[in-house]
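[1] predicted coordinates and the sequence they were generated for:
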Amino acid sequence: MCDPIKKFFFPALFQINTQSFRYSGCFILPFISLLLCSALCHGQTQTEDLDKAVTRLEQRYEAVDTVRGDYRQTYRGPGIEQVESGKFWLKKPGLMRLECHDPEEKLFVADGRESFHYVPLDHQVYVQPLTTSDLRNSPLGLLLGSEDIHKKYIFSWEEDIRPKFDNTLLIRLKFRQTDPGYSFVVLEIDRKDSMLKRILIGEESGNTSEYVFTDVAVNTKIKSDIFQFKVPKGIRIIEMTEE
């Protein structure tokens with residue numbers, strides 16, 4: 001399988017032979033991002049204003065400069081369920097670092113120009129063009145306040161997926177224009193502070209990738225050098241292209 005972060009968040013950039021990659025669930029971050037079963041949604045619709053909930057979410061993250069925390073990613077497909085977890089750091093305008101610690105050490109770094117996907121056990125790093133704009137225009141951009149939900153998505157209360165947290169809202173986003181690689185995004189957000197708790201990304205194929213965010217802190221000081229990747233000695237560098 002391909003690298004999930006590139007596949008789901010940057011599908012147009014990830015046009016390579018997927019046989020060359022081992023599955024790396026922790027990089028589907030899609031840092032970047034997060035929203036009741038149908039019975040709850042019926043009551044939710046009467047007590048909450050959908051447009052106001054989306055506006056609060058946008059405003060909450062417009063004021064965000066940095067985000068860090070823990071994540072747990074679950075990839076599901078026919079006969080497949082793979083779970084990985086680790087830590088993430090994001091910084092405006094479009095810097096990202098993901099460290100997967102379980103079940104295997106992996107690292108993904110985006111420095112505003114390129115991305116680096118490093119699996120120590122493979123003794124190689126994949127390098128691919130990845131600009132700040134690419135990151136900010138992905139669903140992960142929600143965590144950096146760079147997504148205009150009103151313009152980019154058609155949104156509605158989620159009626160099928162159950163919440164994972166108490167006192168949250170679930171919102172389904174559908175792209176106004178066809179987007180390659182994924183068909184919808186479901187956000188789980190905290191009712192009190194509009195913080196993103198979970199993001200579920202659905203592929204056209206029916207496969208899904210879910211991210212649950214915990215111990216999240218915003219606007220804390222993050223040194224820029226953690227978004228720089230230094231290639232270890234003896235590691236093979238594989239340059240990828242958009243083609």
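    The structure has been received and is ready for your questions. Residues are numbered from 1 along each chain as shown.

[2] next, count neighbours for residue 145.
    20 (other Cβ atoms under 10 Å). Every C-beta, even on glycine, is put in place using the N, C-alpha and C of the backbone.

[3] the closest residue to it other than its chain neighbours: what secondary structure?
    Nearest non-adjacent residue to residue 145, counting by Cβ to Cβ, 6 or more residues apart in numbering: residue 61, 3.4 Å away. State at residue 61, reduced to three classes by DSSP: H, G, I helix; E, B strand; the rest coil: helix.

[4] how much space separates residue 61 from residue 194?
    Residue 61 is 8 Å from residue 194, where distance means Cβ to Cβ, to the nearest Å.

[5] those two: who's more crowded?
    For residue 61 versus residue 194, neighbours defined as other Cβ under 10 Å are more numerous around residue 61 (22 against 17).

[6] need the pLDDT of the more buried one.
    Confidence at residue 61, expressed as pLDDT, is 88.

[7] where does the prediction get shaky in the chain?
    Judged by pLDDT under 70, the chain has its weakly predicted residues at 1-48, 136-137, 139-140, 146-147, 178-181, 242-243.

[8] tell me where it has strands.
    66-77, 80-91, 95-102, 106-110, 114-119, 124-129, 153-157, 168-175, 184-190, 196-202, 208-218, 236-239 (DSSP state E).

[9] turn those strands into TSV, columns for mean neighbour count.
    As requested, these are exported to TSV (neighbours: other Cβ atoms under 10 Å):
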stretch	mean neighbour count
strand 66-77	19
strand 80-91	18
strand 95-102	20
strand 106-110	24
strand 114-119	21
strand 124-129	18
strand 153-157	17
strand 168-175	21
strand 184-190	23
strand 196-202	25
strand 208-218	18
strand 236-239	11
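
[10] mind putting the ones you listed into a markdown table with distance to residue 230?
    Shown next, in a markdown table, are the strands of the chain (distance: least, Cβ to Cβ, whole Å):
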| stretch | distance to residue 230 |
| --- | --- |
| strand 66-77 | 21 |
| strand 80-91 | 16 |
| strand 95-102 | 13 |
| strand 106-110 | 10 |
| strand 114-119 | 9 |
| strand 124-129 | 10 |
| strand 153-157 | 38 |
| strand 168-175 | 37 |
| strand 184-190 | 33 |
| strand 196-202 | 30 |
| strand 208-218 | 26 |
| strand 236-239 | 12 |
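
[11] closest one to residue 55 among those?
    Proximity to residue 55 (Cβ to Cβ) singles out strand 153-157 among those, at 10.9 Å.

[12] of all the strands of the chain, which lies closest to residue 53?
    Closest to residue 53 of the strands of the chain, according to Cβ to Cβ: strand 168-175, at 5.7 Å.

[13] tell me how far the residue nearest to residue 145 lies from residue 55.
    11 Å.

[14] who's in contact with the nearest residue to residue 83 once chain neighbours are set aside?
    In this structure, residue 83 finds its nearest non-sequential neighbour in residue 74, 5.0 Å apart by Cβ to Cβ, 6+ apart. Taking Cβ atoms under 8 Å, 6 or more residues apart in numbering, we find residue 74 in contact with 25, 81, 82, 83, 209, 210, 212.

[15] swap in residue 222?
    66, 68, 89, 91.

[16] spatially nearest residue to it (excluding sequence neighbours)?
    That would be residue 66: by Cβ to Cβ, 6+ apart, it lies 4.8 Å from residue 222.
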